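Participant: can you look at this prediction? I've put the sequence above it.
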Amino acid sequence: MYPLISQKYSDYILFKKTFELITRGDHLIDTGWDKLLSIKATINKGLSDELIKTFPHIIAIKRPLVTFIKITPEWFAGFTSGEGCFMVNIFKKF
């Protein structure tokens with residue numbers, strides 16, 4: 001198993017909350033819809049200008065903080081492969 005060990009884990013937690021909210025049908029009532037929009041306001045690019053205009057009372061929820069990051073060689077290799085590149089600069093101090 002390869003657990004999510006970066007802030008991607010917080011994305012997973014928020015996705016799971018939305019999935020559970022929709023599965024229960026809570027999104028069909030006003031308070032549930034507001035919770036869904038509060039989560040949306042936290043992830044990716046947040047709420048669009050149109051959603052902000054339509055739902056001005058929505059406040060983004062606090063993003064879960066991932067504190068147990070342990071980078072392994074396997075994770076590092078996968079990260080650099082997935083992102084395309086990874087660059088480190090070393091400068092000589094004078």
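Facilitator: Arrived safely.

Participant: flag every buried residue along stretch 62-69.
Facilitator: Neighbour counts over stretch 62-69 (16 or more other C-beta atoms under 10 Å) mark Val66 as buried. (C-beta placed from N, C-alpha, C; glycine too.)

Participant: ok, stretch 27-34 next?
Facilitator: His27.

Participant: for it, what is the distance to the chain centroid?
Facilitator: Distance, stretch centre to chain centre, for stretch 27-34: 21 Å (C-alpha atoms, centre = their mean, to the nearest Å).

Participant: same thing with stretch 22-42?
Facilitator: On C-alpha atoms, centre = their mean, the centre of stretch 22-42 falls 16 Å from the chain's centre.

Participant: same question for stretch 28-47.
Facilitator: With C-alpha atoms, centre = their mean as the basis, stretch 28-47 stands 13 Å off its chain's centre.

Participant: tell me how far Arg24 lies from Ile71.
Facilitator: When distance is defined by C-beta to C-beta, to the nearest Å, Arg24 is 36 Å away from Ile71.

Participant: what residue is smack in the middle of the protein?
Facilitator: Asp11 (2.8 Å; C-alpha atoms, centre = their mean).

Participant: buried residues, the helix or strand hosting it. List them.
Facilitator: When elements are assigned from DSSP states H and E, Asp11 belongs to helix 8-24. Neighbour-count burial for helix 8-24, with 16+ other C-beta under 10 Å as criterion, is recorded at Tyr9, Ser10, Asp11, Leu14, Lys17, Leu21.

Participant: elements contacting the next helix or strand after that helix?
Facilitator: Proceeding N to C from helix 8-24, the next assigned helix or strand is helix 30-42, under DSSP H and E. Judged by 3 or more C-beta pairs under 8 Å, 6 or more residues apart in numbering; DSSP states H and E, helix 30-42 is in contact with helix 8-24.

Participant: tell me the mean pLDDT for the helix it packs on?
Facilitator: Averaged over helix 8-24, pLDDT sits at 91.

Participant: what's that helix packed up against?
Facilitator: Here helix 8-24 touches helix 30-42, going by 3+ C-beta pairs under 8 Å, 6+ apart.
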